[in-house]
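Student: from the sequence below, what's the structure:
(one chain, ligands or ions: 1)
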Amino acid sequence: MAKSLYIDGSWQDATGGSFETIDPATANAIEEVGNASEADVDAAVAAARAALSKQEWAGLLPVQRAHLLFKLADAIEAHAEDLARLETLDQGQPLGISRSVSVAGAAEHFRYYAGWVTKIQGTTNPVSFPDTLHYTRREPVGVNALVTPWNFPLMILAWKLAPALATGNTVVIKPSEVTPLTSIRLVQLAEEVGFPAGVINLVTGGGDVGALLSSHMDVDHLSYTGSTAVGRIITKASADSNLKRLTLELGGKAPSIIAADANIDAAVGGNLMGGTLNSGQVCAAYTRFYVDKKREQEFVDKLSGGLSGLTLGSGLDESSQLGPLVSEKHIGHVERLVRTGVDEGASLVTGGNRTGENGYFFEPTLFTGVTDEMTIIREEIFGPVLAVTTYDDADELDALIARANDSQYGLAATIWTQDIATSQRLANGIKAGAVFVNMPPIPDMAAPWGGYKASGWGREMGPWAIDAYTEVKSVWLHY
Ligand code: NAD
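Tutor: The predicted structure is shown next:
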(Lines give C-alpha, C1' and ligand atoms only; values in the text may rest on other atoms or scores of the structure.)
Protein backbone atom coordinates (compact mmCIF):
# COMPACT_ATOMS: atom_id res chain seq x y z
CA MET A 1 0.00 0.00 0.00
CA ALA A 2 1.41 3.41 -0.96
CA LYS A 3 1.63 6.06 1.75
CA SER A 4 -1.42 8.29 1.30
CA LEU A 5 -1.19 10.79 4.15
CA TYR A 6 0.85 13.91 3.57
CA ILE A 7 1.58 15.67 6.84
CA ASP A 8 4.12 18.43 7.45
CA GLY A 9 5.89 17.75 4.16
CA SER A 10 6.24 13.98 4.43
CA TRP A 11 4.30 10.99 3.10
CA GLN A 12 3.14 8.72 5.89
CA ASP A 13 1.22 5.51 6.52
CA ALA A 14 -2.23 5.94 8.00
CA THR A 15 -2.66 4.49 11.47
CA GLY A 16 -6.41 3.85 11.13
CA GLY A 17 -6.34 0.90 8.72
CA SER A 18 -7.04 1.02 4.98
CA PHE A 19 -9.71 0.74 2.32
CA GLU A 20 -9.82 -0.18 -1.38
CA THR A 21 -10.60 2.22 -4.17
CA ILE A 22 -12.54 0.57 -6.99
CA ASP A 23 -12.58 0.95 -10.80
CA PRO A 24 -16.31 1.49 -11.47
CA ALA A 25 -16.03 0.18 -15.04
CA THR A 26 -14.89 -3.28 -13.88
CA ALA A 27 -15.69 -3.38 -10.13
CA ASN A 28 -12.04 -4.43 -9.59
CA ALA A 29 -9.91 -2.91 -6.83
CA ILE A 30 -7.35 -0.38 -8.04
CA GLU A 31 -5.33 0.01 -4.86
CA GLU A 32 -5.33 0.17 -1.05
CA VAL A 33 -5.48 3.62 0.47
CA GLY A 34 -4.83 4.49 4.12
CA ASN A 35 -7.56 5.43 6.57
CA ALA A 36 -6.48 8.30 8.82
CA SER A 37 -6.94 7.90 12.57
CA GLU A 38 -7.82 10.69 15.00
CA ALA A 39 -4.10 11.02 15.82
CA ASP A 40 -3.30 11.40 12.09
CA VAL A 41 -5.97 14.10 11.70
CA ASP A 42 -4.65 15.93 14.76
CA ALA A 43 -1.12 15.79 13.36
CA ALA A 44 -2.27 17.19 10.01
CA VAL A 45 -4.19 20.05 11.65
CA ALA A 46 -1.20 20.78 13.93
CA ALA A 47 1.13 20.91 10.90
CA ALA A 48 -1.21 23.33 9.14
CA ARG A 49 -1.41 25.48 12.30
CA ALA A 50 2.38 25.51 12.72
CA ALA A 51 2.95 26.52 9.07
CA LEU A 52 0.40 29.30 9.53
CA SER A 53 2.05 30.54 12.72
CA LYS A 54 5.52 30.47 11.19
CA GLN A 55 4.20 32.59 8.29
CA GLU A 56 5.78 30.08 5.93
CA TRP A 57 3.17 30.73 3.30
CA ALA A 58 1.29 33.97 4.03
CA GLY A 59 4.67 35.55 4.88
CA LEU A 60 6.06 35.00 1.39
CA LEU A 61 5.93 37.95 -0.97
CA PRO A 62 2.75 37.87 -3.06
CA VAL A 63 4.82 37.36 -6.21
CA GLN A 64 6.48 34.32 -4.63
CA ARG A 65 3.13 32.77 -3.71
CA ALA A 66 1.76 33.52 -7.17
CA HIS A 67 4.83 31.94 -8.75
CA LEU A 68 4.22 28.63 -6.95
CA LEU A 69 0.57 28.57 -7.95
CA PHE A 70 1.54 29.20 -11.59
CA LYS A 71 4.07 26.37 -11.30
CA LEU A 72 1.39 24.03 -9.97
CA ALA A 73 -0.87 24.89 -12.92
CA ASP A 74 2.03 24.15 -15.28
CA ALA A 75 2.72 20.84 -13.49
CA ILE A 76 -0.92 19.80 -13.88
CA GLU A 77 -0.69 20.50 -17.60
CA ALA A 78 2.63 18.69 -17.91
CA HIS A 79 0.99 15.59 -16.37
CA ALA A 80 -2.42 16.15 -17.95
CA GLU A 81 -2.78 12.83 -19.71
CA ASP A 82 -1.73 10.77 -16.66
CA LEU A 83 -4.07 12.75 -14.42
CA ALA A 84 -6.96 12.36 -16.89
CA ARG A 85 -6.44 8.58 -17.09
CA LEU A 86 -6.23 8.29 -13.31
CA GLU A 87 -9.44 10.33 -12.88
CA THR A 88 -11.24 8.12 -15.40
CA LEU A 89 -9.94 4.92 -13.80
CA ASP A 90 -11.04 5.95 -10.29
CA GLN A 91 -14.21 7.93 -11.05
CA GLY A 92 -15.42 6.47 -14.36
CA GLN A 93 -15.95 9.67 -16.37
CA PRO A 94 -15.13 9.40 -20.11
CA LEU A 95 -11.56 10.41 -20.94
CA GLY A 96 -12.76 13.35 -23.03
CA ILE A 97 -14.44 14.78 -19.90
CA SER A 98 -11.40 14.08 -17.71
CA ARG A 99 -9.15 15.86 -20.18
CA SER A 100 -11.29 18.84 -21.13
CA VAL A 101 -13.26 19.45 -17.92
CA SER A 102 -11.46 17.92 -14.92
CA VAL A 103 -7.79 18.38 -15.70
CA ALA A 104 -7.99 21.48 -17.89
CA GLY A 105 -10.43 23.04 -15.38
CA ALA A 106 -8.09 22.33 -12.46
CA ALA A 107 -5.06 23.86 -14.21
CA GLU A 108 -7.00 26.96 -15.23
CA HIS A 109 -8.29 27.39 -11.69
CA PHE A 110 -4.77 27.47 -10.25
CA ARG A 111 -3.70 29.91 -12.96
CA TYR A 112 -6.71 32.15 -12.34
CA TYR A 113 -6.07 32.37 -8.57
CA ALA A 114 -2.31 32.76 -9.12
CA GLY A 115 -3.32 35.98 -10.88
CA TRP A 116 -5.36 37.05 -7.84
CA VAL A 117 -2.49 36.79 -5.34
CA THR A 118 -1.05 40.18 -6.30
CA LYS A 119 -4.47 41.84 -6.50
CA ILE A 120 -6.05 41.14 -3.11
CA GLN A 121 -6.79 44.59 -1.74
CA GLY A 122 -8.17 46.31 1.31
CA THR A 123 -10.02 49.62 1.25
CA THR A 124 -9.68 53.03 2.94
CA ASN A 125 -12.99 54.14 4.38
CA PRO A 126 -14.47 57.58 5.09
CA VAL A 127 -15.31 57.09 8.79
CA SER A 128 -16.86 60.13 10.52
CA PHE A 129 -14.19 60.56 13.17
CA PRO A 130 -11.73 63.48 13.23
CA ASP A 131 -8.05 62.79 12.50
CA THR A 132 -8.64 59.10 11.90
CA LEU A 133 -7.40 56.86 9.15
CA HIS A 134 -9.50 53.76 8.65
CA TYR A 135 -8.52 50.92 6.38
CA THR A 136 -9.19 47.20 5.92
CA ARG A 137 -6.84 44.29 5.46
CA ARG A 138 -7.65 40.91 3.97
CA GLU A 139 -6.08 38.22 6.14
CA PRO A 140 -6.16 34.42 5.73
CA VAL A 141 -8.93 32.70 7.72
CA GLY A 142 -6.30 30.25 9.02
CA VAL A 143 -6.41 26.45 8.93
CA ASN A 144 -8.90 25.24 6.31
CA ALA A 145 -10.29 21.72 5.97
CA LEU A 146 -11.22 20.95 2.35
CA VAL A 147 -13.68 18.04 2.20
CA THR A 148 -14.58 16.93 -1.32
CA PRO A 149 -17.02 14.55 -3.09
CA TRP A 150 -16.43 11.80 -5.62
CA ASN A 151 -18.12 13.22 -8.71
CA PHE A 152 -15.39 15.60 -9.97
CA PRO A 153 -12.68 15.02 -7.36
CA LEU A 154 -9.73 16.78 -8.99
CA MET A 155 -11.60 19.80 -10.29
CA ILE A 156 -13.61 20.39 -7.10
CA LEU A 157 -10.43 20.17 -5.03
CA ALA A 158 -8.92 22.84 -7.31
CA TRP A 159 -11.99 25.06 -6.73
CA LYS A 160 -11.07 25.06 -3.04
CA LEU A 161 -7.31 24.68 -2.90
CA ALA A 162 -6.46 27.42 -5.41
CA PRO A 163 -8.27 30.30 -3.61
CA ALA A 164 -7.29 28.94 -0.16
CA LEU A 165 -3.61 29.09 -1.10
CA ALA A 166 -3.89 32.36 -3.04
CA THR A 167 -5.12 34.07 0.13
CA GLY A 168 -2.30 32.73 2.35
CA ASN A 169 -4.15 29.94 4.16
CA THR A 170 -2.91 26.50 5.12
CA VAL A 171 -5.05 23.43 4.45
CA VAL A 172 -5.92 19.85 5.34
CA ILE A 173 -7.47 18.06 2.36
CA LYS A 174 -9.92 15.16 2.85
CA PRO A 175 -10.92 13.65 -0.51
CA SER A 176 -13.83 11.26 -0.92
CA GLU A 177 -12.93 7.69 0.01
CA VAL A 178 -14.59 6.64 -3.27
CA THR A 179 -12.18 8.57 -5.52
CA PRO A 180 -9.02 9.65 -3.66
CA LEU A 181 -6.37 9.00 -6.31
CA THR A 182 -6.13 12.29 -8.25
CA SER A 183 -6.17 14.30 -5.00
CA ILE A 184 -3.13 12.29 -3.81
CA ARG A 185 -1.46 12.88 -7.19
CA LEU A 186 -2.17 16.63 -7.05
CA VAL A 187 -0.54 16.89 -3.62
CA GLN A 188 2.51 15.02 -4.98
CA LEU A 189 2.74 17.63 -7.75
CA ALA A 190 2.44 20.45 -5.19
CA GLU A 191 5.32 18.89 -3.25
CA GLU A 192 7.42 18.63 -6.43
CA VAL A 193 6.94 22.30 -7.34
CA GLY A 194 8.10 23.32 -3.85
CA PHE A 195 5.22 24.32 -1.57
CA PRO A 196 6.63 24.70 1.98
CA ALA A 197 6.05 21.82 4.42
CA GLY A 198 2.83 22.06 6.43
CA VAL A 199 1.02 24.40 4.02
CA ILE A 200 -0.79 21.57 2.22
CA ASN A 201 -1.67 18.45 4.23
CA LEU A 202 -3.72 15.47 3.08
CA VAL A 203 -5.64 12.87 5.08
CA THR A 204 -7.46 10.05 3.30
CA GLY A 205 -10.34 8.04 4.70
CA GLY A 206 -14.10 7.86 5.02
CA GLY A 207 -16.82 10.03 6.49
CA ASP A 208 -15.38 9.45 9.97
CA VAL A 209 -12.26 11.37 8.93
CA GLY A 210 -14.40 14.21 7.57
CA ALA A 211 -16.31 14.19 10.87
CA LEU A 212 -13.06 14.55 12.84
CA LEU A 213 -12.27 17.65 10.81
CA SER A 214 -15.74 19.17 11.13
CA SER A 215 -15.68 18.87 14.92
CA HIS A 216 -12.00 19.83 15.27
CA MET A 217 -11.38 22.73 17.63
CA ASP A 218 -8.39 23.99 15.66
CA VAL A 219 -9.90 24.14 12.14
CA ASP A 220 -10.99 27.71 11.35
CA HIS A 221 -12.95 27.11 8.15
CA LEU A 222 -14.30 24.00 6.50
CA SER A 223 -15.13 24.13 2.81
CA TYR A 224 -17.33 21.19 1.92
CA THR A 225 -18.85 19.89 -1.30
CA GLY A 226 -21.16 16.91 -1.07
CA SER A 227 -24.65 15.81 -0.17
CA THR A 228 -27.12 18.00 1.70
CA ALA A 229 -27.55 15.26 4.35
CA VAL A 230 -23.86 15.37 5.28
CA GLY A 231 -23.87 19.17 4.99
CA ARG A 232 -26.43 19.23 7.81
CA ILE A 233 -24.24 16.95 9.99
CA ILE A 234 -21.21 19.17 9.36
CA THR A 235 -23.21 22.27 10.29
CA LYS A 236 -24.17 20.69 13.64
CA ALA A 237 -20.57 19.62 14.26
CA SER A 238 -19.35 23.15 13.63
CA ALA A 239 -21.99 24.60 15.96
CA ASP A 240 -21.11 22.09 18.68
CA SER A 241 -17.34 22.63 18.45
CA ASN A 242 -15.66 25.96 17.70
CA LEU A 243 -18.29 27.43 15.36
CA LYS A 244 -15.83 27.21 12.47
CA ARG A 245 -16.78 29.07 9.34
CA LEU A 246 -18.48 26.88 6.71
CA THR A 247 -18.70 27.02 2.96
CA LEU A 248 -21.24 24.44 1.81
CA GLU A 249 -21.78 23.32 -1.80
CA LEU A 250 -24.60 20.78 -1.52
CA GLY A 251 -27.09 18.87 -3.62
CA GLY A 252 -29.23 20.06 -6.51
CA LYS A 253 -32.27 19.20 -8.60
CA ALA A 254 -32.10 21.66 -11.48
CA PRO A 255 -35.32 22.45 -13.39
CA SER A 256 -35.20 22.84 -17.16
CA ILE A 257 -38.02 24.90 -18.70
CA ILE A 258 -38.74 24.35 -22.39
CA ALA A 259 -40.95 27.17 -23.69
CA ALA A 260 -43.26 26.87 -26.70
CA ASP A 261 -40.92 29.00 -28.82
CA ALA A 262 -37.76 27.05 -27.88
CA ASN A 263 -35.40 25.82 -30.55
CA ILE A 264 -36.11 22.16 -29.76
CA ASP A 265 -33.01 20.76 -31.43
CA ALA A 266 -30.80 23.10 -29.39
CA ALA A 267 -32.80 22.28 -26.25
CA VAL A 268 -32.43 18.54 -26.83
CA GLY A 269 -28.68 18.86 -27.43
CA GLY A 270 -28.12 21.10 -24.40
CA ASN A 271 -30.28 19.03 -22.09
CA LEU A 272 -28.71 15.76 -23.25
CA MET A 273 -25.38 17.16 -22.20
CA GLY A 274 -26.79 18.88 -19.12
CA GLY A 275 -28.63 15.74 -18.02
CA THR A 276 -26.10 13.03 -18.77
CA LEU A 277 -22.65 14.63 -18.34
CA ASN A 278 -20.63 12.28 -16.11
CA SER A 279 -23.65 9.92 -16.24
CA GLY A 280 -25.79 12.55 -14.50
CA GLN A 281 -23.42 12.66 -11.51
CA VAL A 282 -23.33 16.47 -11.61
CA CYS A 283 -24.77 18.67 -8.86
CA ALA A 284 -26.22 21.07 -11.45
CA ALA A 285 -27.53 18.30 -13.76
CA TYR A 286 -30.76 19.13 -15.55
CA THR A 287 -33.18 16.50 -14.29
CA ARG A 288 -36.75 17.80 -14.10
CA PHE A 289 -38.22 19.14 -17.32
CA TYR A 290 -41.16 21.53 -17.51
CA VAL A 291 -42.17 21.41 -21.19
CA ASP A 292 -44.86 23.51 -22.86
CA LYS A 293 -47.57 20.98 -23.71
CA LYS A 294 -47.50 22.08 -27.38
CA ARG A 295 -43.88 20.94 -27.77
CA GLU A 296 -43.91 17.89 -25.48
CA GLN A 297 -44.17 15.19 -28.13
CA GLU A 298 -41.39 16.59 -30.29
CA PHE A 299 -39.12 17.19 -27.28
CA VAL A 300 -39.69 13.74 -25.78
CA ASP A 301 -39.22 11.93 -29.11
CA LYS A 302 -35.96 13.70 -29.85
CA LEU A 303 -34.63 13.48 -26.28
CA SER A 304 -35.39 9.79 -26.00
CA GLY A 305 -33.74 9.18 -29.40
CA GLY A 306 -30.66 11.06 -28.20
CA LEU A 307 -30.53 9.18 -24.90
CA SER A 308 -30.90 5.72 -26.40
CA GLY A 309 -28.23 6.56 -29.00
CA LEU A 310 -25.53 7.25 -26.39
CA THR A 311 -22.64 4.76 -26.30
CA LEU A 312 -22.08 3.31 -22.83
CA GLY A 313 -18.71 1.91 -21.90
CA SER A 314 -15.56 2.20 -19.86
CA GLY A 315 -14.41 5.80 -19.70
CA LEU A 316 -10.97 4.62 -20.85
CA ASP A 317 -12.50 3.55 -24.18
CA GLU A 318 -12.30 6.66 -26.38
CA SER A 319 -15.62 5.82 -28.06
CA SER A 320 -17.65 5.87 -24.80
CA GLN A 321 -20.01 8.78 -24.34
CA LEU A 322 -21.39 7.59 -21.00
CA GLY A 323 -19.28 5.92 -18.33
CA PRO A 324 -20.38 3.86 -15.32
CA LEU A 325 -21.90 5.17 -12.11
CA VAL A 326 -19.30 5.48 -9.39
CA SER A 327 -20.03 2.55 -7.05
CA GLU A 328 -22.22 -0.43 -6.21
CA LYS A 329 -23.81 1.61 -3.44
CA HIS A 330 -24.63 4.48 -5.77
CA ILE A 331 -26.06 2.35 -8.58
CA GLY A 332 -28.31 0.76 -5.93
CA HIS A 333 -29.57 4.25 -5.01
CA VAL A 334 -30.32 5.08 -8.68
CA GLU A 335 -32.06 1.73 -9.27
CA ARG A 336 -34.24 2.24 -6.19
CA LEU A 337 -35.38 5.68 -7.33
CA VAL A 338 -36.13 4.44 -10.86
CA ARG A 339 -38.27 1.64 -9.39
CA THR A 340 -40.04 4.23 -7.24
CA GLY A 341 -40.75 6.28 -10.39
CA VAL A 342 -42.44 3.27 -12.00
CA ASP A 343 -44.30 2.36 -8.79
CA GLU A 344 -45.62 5.90 -8.41
CA GLY A 345 -47.05 5.82 -11.95
CA ALA A 346 -44.56 7.66 -14.20
CA SER A 347 -44.18 6.29 -17.75
CA LEU A 348 -40.80 4.87 -18.67
CA VAL A 349 -39.98 5.95 -22.26
CA THR A 350 -36.46 4.56 -22.47
CA GLY A 351 -33.84 2.92 -20.23
CA GLY A 352 -34.55 2.04 -16.61
CA ASN A 353 -32.11 -0.82 -16.09
CA ARG A 354 -28.67 -1.69 -14.95
CA THR A 355 -26.65 -3.02 -17.87
CA GLY A 356 -23.28 -4.62 -18.71
CA GLU A 357 -21.64 -7.71 -17.24
CA ASN A 358 -19.16 -5.92 -15.02
CA GLY A 359 -19.05 -2.52 -13.45
CA TYR A 360 -21.82 -0.11 -12.55
CA PHE A 361 -23.45 0.83 -15.85
CA PHE A 362 -26.98 2.22 -15.96
CA GLU A 363 -29.02 2.90 -19.09
CA PRO A 364 -29.88 6.53 -19.78
CA THR A 365 -33.48 6.78 -18.64
CA LEU A 366 -36.41 9.02 -19.53
CA PHE A 367 -39.74 9.27 -17.72
CA THR A 368 -42.83 11.16 -18.87
CA GLY A 369 -46.17 11.72 -17.14
CA VAL A 370 -44.34 12.86 -14.02
CA THR A 371 -46.30 14.91 -11.48
CA ASP A 372 -45.01 17.45 -8.97
CA GLU A 373 -45.43 15.10 -5.97
CA MET A 374 -43.47 12.16 -7.38
CA THR A 375 -40.23 11.17 -5.68
CA ILE A 376 -38.24 11.27 -8.95
CA ILE A 377 -38.99 14.96 -9.45
CA ARG A 378 -38.22 15.85 -5.82
CA GLU A 379 -35.16 13.82 -4.81
CA GLU A 380 -31.66 14.11 -6.15
CA ILE A 381 -31.02 10.94 -8.19
CA PHE A 382 -27.47 11.79 -9.36
CA GLY A 383 -27.70 9.43 -12.33
CA PRO A 384 -28.75 9.58 -16.01
CA VAL A 385 -32.46 9.74 -15.17
CA LEU A 386 -34.59 12.54 -16.64
CA ALA A 387 -38.21 13.30 -15.67
CA VAL A 388 -40.60 15.21 -17.95
CA THR A 389 -43.70 17.07 -16.84
CA THR A 390 -45.65 19.68 -18.79
CA TYR A 391 -47.36 23.03 -18.41
CA ASP A 392 -50.38 24.33 -20.31
CA ASP A 393 -50.68 28.04 -19.86
CA ALA A 394 -47.70 29.97 -21.16
CA ASP A 395 -49.28 33.23 -19.93
CA GLU A 396 -49.06 31.99 -16.33
CA LEU A 397 -45.33 32.34 -15.85
CA ASP A 398 -45.75 32.95 -12.12
CA ALA A 399 -47.35 29.53 -11.69
CA LEU A 400 -44.51 27.94 -13.66
CA ILE A 401 -41.93 29.74 -11.51
CA ALA A 402 -43.68 28.45 -8.38
CA ARG A 403 -43.49 24.87 -9.68
CA ALA A 404 -39.82 25.24 -10.59
CA ASN A 405 -39.16 26.63 -7.09
CA ASP A 406 -41.09 23.85 -5.37
CA SER A 407 -37.90 22.11 -4.25
CA GLN A 408 -35.64 22.16 -1.22
CA TYR A 409 -32.75 22.75 -3.65
CA GLY A 410 -31.68 25.88 -5.50
CA LEU A 411 -28.35 25.27 -7.19
CA ALA A 412 -29.01 25.67 -10.92
CA ALA A 413 -31.80 26.04 -13.48
CA THR A 414 -32.09 26.37 -17.23
CA ILE A 415 -34.55 28.04 -19.61
CA TRP A 416 -34.97 27.31 -23.29
CA THR A 417 -36.74 30.13 -25.14
CA GLN A 418 -36.10 32.62 -27.93
CA ASP A 419 -38.07 35.36 -26.20
CA ILE A 420 -36.02 37.82 -24.15
CA ALA A 421 -38.91 38.80 -21.87
CA THR A 422 -39.73 35.16 -21.02
CA SER A 423 -36.08 34.42 -20.28
CA GLN A 424 -35.78 37.48 -18.03
CA ARG A 425 -38.98 36.88 -16.09
CA LEU A 426 -38.06 33.24 -15.47
CA ALA A 427 -34.39 33.96 -14.69
CA ASN A 428 -35.40 36.61 -12.15
CA GLY A 429 -38.10 34.47 -10.55
CA ILE A 430 -36.27 31.18 -10.15
CA LYS A 431 -34.47 30.74 -6.85
CA ALA A 432 -31.16 29.21 -7.92
CA GLY A 433 -27.53 30.22 -7.66
CA ALA A 434 -27.03 29.88 -11.42
CA VAL A 435 -29.59 30.22 -14.21
CA PHE A 436 -28.48 29.19 -17.70
CA VAL A 437 -30.47 30.45 -20.69
CA ASN A 438 -30.19 28.24 -23.78
CA MET A 439 -27.02 26.52 -22.57
CA PRO A 440 -25.77 23.56 -20.54
CA PRO A 441 -24.65 24.00 -16.89
CA ILE A 442 -20.99 24.82 -17.27
CA PRO A 443 -19.29 26.70 -14.41
CA ASP A 444 -16.46 29.15 -15.04
CA MET A 445 -13.94 30.42 -12.51
CA ALA A 446 -14.88 34.05 -13.22
CA ALA A 447 -18.56 33.49 -12.28
CA PRO A 448 -19.89 32.74 -8.77
CA TRP A 449 -20.88 29.11 -8.01
CA GLY A 450 -23.13 28.10 -5.13
CA GLY A 451 -26.67 27.46 -4.05
CA TYR A 452 -29.82 28.96 -2.59
CA LYS A 453 -31.79 27.08 0.08
CA ALA A 454 -30.58 23.53 0.90
CA SER A 455 -28.06 23.68 -1.96
CA GLY A 456 -25.56 25.45 0.23
CA TRP A 457 -23.99 28.46 1.89
CA GLY A 458 -21.56 30.87 0.27
CA ARG A 459 -20.04 31.03 -3.18
CA GLU A 460 -16.95 29.61 -4.79
CA MET A 461 -14.97 31.03 -7.75
CA GLY A 462 -14.15 34.58 -8.78
CA PRO A 463 -13.71 37.23 -6.07
CA TRP A 464 -16.41 35.42 -4.04
CA ALA A 465 -13.92 32.68 -3.13
CA ILE A 466 -11.49 35.36 -1.97
CA ASP A 467 -14.23 36.39 0.50
CA ALA A 468 -14.67 32.77 1.64
CA TYR A 469 -10.97 32.35 2.49
CA THR A 470 -10.25 35.75 4.07
CA GLU A 471 -11.14 37.65 7.20
CA VAL A 472 -11.62 41.40 6.75
CA LYS A 473 -9.81 43.28 9.48
CA SER A 474 -10.80 46.85 10.30
CA VAL A 475 -7.83 49.05 11.36
CA TRP A 476 -8.45 52.45 13.05
CA LEU A 477 -5.57 54.88 13.36
CA HIS A 478 -5.98 58.15 15.27
CA TYR A 479 -3.36 60.80 14.56
P1 NAD B 1 -21.09 12.74 0.46
O2 NAD B 1 -21.85 13.71 1.26
O3 NAD B 1 -21.38 11.30 0.60
O4 NAD B 1 -19.52 12.86 0.74
C5 NAD B 1 -18.80 14.05 0.50
C6 NAD B 1 -17.58 14.08 1.41
O7 NAD B 1 -18.02 14.17 2.76
C8 NAD B 1 -16.70 12.84 1.33
O9 NAD B 1 -15.34 13.24 1.41
C10 NAD B 1 -17.12 12.06 2.57
O11 NAD B 1 -16.12 11.18 3.06
C12 NAD B 1 -17.38 13.18 3.55
N13 NAD B 1 -18.26 12.81 4.67
C14 NAD B 1 -19.16 11.80 4.75
N15 NAD B 1 -19.76 11.80 5.96
C16 NAD B 1 -19.23 12.82 6.66
C17 NAD B 1 -19.46 13.36 7.96
N18 NAD B 1 -20.34 12.81 8.80
N19 NAD B 1 -18.75 14.44 8.35
C20 NAD B 1 -17.87 15.03 7.51
N21 NAD B 1 -17.59 14.57 6.26
C22 NAD B 1 -18.27 13.48 5.84
O23 NAD B 1 -21.26 13.25 -1.04
P24 NAD B 1 -20.85 12.48 -2.36
O25 NAD B 1 -21.82 11.35 -2.50
O26 NAD B 1 -19.38 12.23 -2.36
O27 NAD B 1 -21.10 13.59 -3.50
C28 NAD B 1 -22.31 13.72 -4.16
C29 NAD B 1 -23.09 14.89 -3.61
O30 NAD B 1 -22.29 16.08 -3.74
C31 NAD B 1 -24.36 15.17 -4.36
O32 NAD B 1 -25.38 15.49 -3.43
C33 NAD B 1 -24.02 16.41 -5.18
O34 NAD B 1 -25.12 17.22 -5.53
C35 NAD B 1 -23.08 17.13 -4.29
N36 NAD B 1 -22.24 18.05 -5.06
C37 NAD B 1 -22.48 19.40 -4.97
C38 NAD B 1 -21.73 20.29 -5.73
C39 NAD B 1 -21.98 21.78 -5.66
O40 NAD B 1 -21.18 22.53 -6.22
N41 NAD B 1 -23.01 22.24 -4.98
C42 NAD B 1 -20.73 19.81 -6.59
C43 NAD B 1 -20.53 18.43 -6.65
C44 NAD B 1 -21.28 17.54 -5.88
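Student: show me the strands in the stretch 301-450 of the chain, by range?
Tutor: All strands of the stretch 301-450 of the chain, identified by DSSP state E, counting those that start in this stretch, fall at 347-350, 354-355, 361-362, 365-368, 385-391, 409-410, 412-416, 434-437.
Student: which one, of those, ends up nearest to residue 51?
Tutor: Closest to residue 51 of those is strand 434-437 (C-beta to C-beta; 34.6 Å). For glycine as for every other residue, the C-beta is placed from the backbone atoms N, C-alpha and C.
Student: so what are the sheet partners of the helix or strand following the closest one and their directions?
Tutor: Next helix or strand after strand 434-437 toward the C-terminus (DSSP states H and E): strand 452-453. Note on strand 452-453: by DSSP bridges, its sheet partners are strand 409-410 (antiparallel).
Student: what does the strand it pairs with contact?
Tutor: 228, 250-254, 380, 431-433, 451-455 (C-beta atoms under 8 Å, 6 or more residues apart in numbering).
Student: then stretch 160-167?
Tutor: 57, 65-66, 68-69, 109-110, 112-114, 116-117, 120, 138, 140-141, 144, 146, 148, 171, 173, 186, 195, 199-200, 223, 225, 460, 465-466, 468-470.
Student: 6 Å - rerun?
Tutor: 109-110, 113, 116-117, 140, 144, 146, 171, 223, 465, 469-470 (C-beta atoms under 6 Å, 6 or more residues apart in numbering).
Student: among these, which one sits closest to the ligand?
Tutor: The ligand has its nearest neighbour among these in residue 146, at 9.6 Å by C-beta to the nearest ligand atom.
Student: what secondary structure does the closest one sit in?
Tutor: What DSSP: H, G, I helix; E, B strand; the rest coil gives for residue 146 is strand.
Student: pretty sure residue 80 contacts residue 103?
Tutor: Yes. Residue 80 is in contact with residue 103 according to C-beta atoms under 6 Å; the separation is 4.9 Å.
Student: more crowded one of those two?
Tutor: Legend: neighbour count by other C-beta atoms under 10 Å for residue 80 and residue 103, higher for residue 103 (26 against 17).
Student: tell me how far residue 92 lies from residue 305.
Tutor: From residue 92 across to residue 305, the span is 25 Å (C-beta to C-beta, to the nearest Å).
Student: quick one, helices of the stretch 301-450 of the chain?
Tutor: 328-343, 375-378, 397-404, 420-429 (DSSP state H, counting those that start in this stretch).
Student: just want the residue of the stretch 1-150 of the chain that's nearest the ligand.
Tutor: Among all residues of the stretch 1-150 of the chain, residue 149 sits closest to the ligand, at 3.1 Å; criterion: C-beta to the nearest ligand atom.
Student: surely that residue and residue 178 touch.
Tutor: No. Contact criterion C-beta under 6 Å: residue 149 and residue 178 do not qualify, at 8.4 Å.
Student: who's more crowded, the two?
Tutor: The neighbour count for residue 149 versus residue 178, taken as other C-beta under 10 Å, is higher for residue 149 (24 against 20).
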